[in-house]
Structure formats: structure tokens, C-alpha cells
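[1] Quick one, fold the following:
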Amino acid sequence: MPSTYTCPACGQVSLHPMDVKFGWCSRCEAFSGLDDEQLASLVDGQELAEVSLNRQRQAVRELAQRRLRRQG
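    Here you go, the predicted model:
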């Protein structure tokens, strides 16, 4: 696993292991490193329990928004 995470949207670099693992960007406040399928898997799985409640909520919101954009 890489030791840093660089957000593809804004270029911010994070050294935090949880950001690296989940593709979280604190500047964008989004799971920028995950595609729709990975984000859905994260929301449906138990791994999300490792992150804060606010980030859990953000993951669910982000997945819903992505699905709505894809439909519309």
C-alpha cells in the first residue's frame, strides 16, 4: 500500500494512513480516490466503521449523489 495519498481532483497530498486507505481528501471533503463501485463497497462493508461518523455520512451522501448524477 502506498504511504501517501494524492487527491486526483485537487492535488493535495496526505500522509494519514486512513486517507491513504480510503482515498479521502480533507480539502475536497470527498472520497476522491474511489470510483463508484469502490465507494459502494465501502458503504456496504464493515471497513467504514474504522472512520469517523462524519466521514461515514459523507460516504453515504457522496454515493447517493454519484448515483443520481449517473441516472440523470
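[2] Output the contacting helices and strands for the helix or strand bottoming out on mean pLDDT in the chain.
    Every helix and strand of the chain was ranked by mean pLDDT, DSSP states H and E. The lowest is helix 36-44, at a mean of 82. In this structure, helix 36-44 makes packing contacts with helix 53-71, judged by 3 or more C-beta pairs under 8 Å, 6 or more residues apart in numbering; DSSP states H and E. Yep, even glycine has a C-beta here, placed from its N, CA and C like the rest.
[3] Can you get me the centre-to-centre distance for the helix it packs on and its chain?
    9 Å (C-alpha atoms, centre = their mean, to the nearest Å).
[4] distance of A64 from A40?
    Between A64 and A40 the distance is 10 Å, computed by C-beta to C-beta, to the nearest Å.
[5] Can you pick out the residue with more neighbours from those two?
    When A64 and A40 are compared for neighbours, A40 comes out ahead with 15 against 11, by other C-beta atoms under 10 Å.
[6] Verify the stated contact: that one with L63.
    Yes. Contact criterion C-beta atoms under 8 Å: A40 and L63 qualify, at 5.8 Å.
[7] And stretch 15-30, end to end?
    Taking C-alpha to C-alpha, to the nearest Å, the first and last residues of stretch 15-30 lie 16 Å apart.
[8] neighbouring contacts of stretch 4-24?
    The contact list for stretch 4-24, computed with C-beta atoms under 8 Å, 6 or more residues apart in numbering, reads 1-3, 25-28, 30-34, 38, 42, 47, 50-51, 55.
[9] Please apply the same query to stretch 51-64.
    18, 22, 24, 29-31, 36, 39-40, 42-43, 48-49.
[10] next one: that stretch to chain centre, how far?
    8 Å.
[11] same thing with stretch 9-19?
    11 Å.
[12] Now it: buried residues?
    S14, D19 (16 or more other C-beta atoms under 10 Å).
[13] Repeat that for stretch 29-43.
    A30, F31, S32, G33, L34, L39, L42, V43.
[14] What separation do you get for the third one and S3?
    This points to S32. 18 Å.
[15] cool, the last one as well?
    Distance of V43 to S3, given as C-beta to C-beta: 26 Å.
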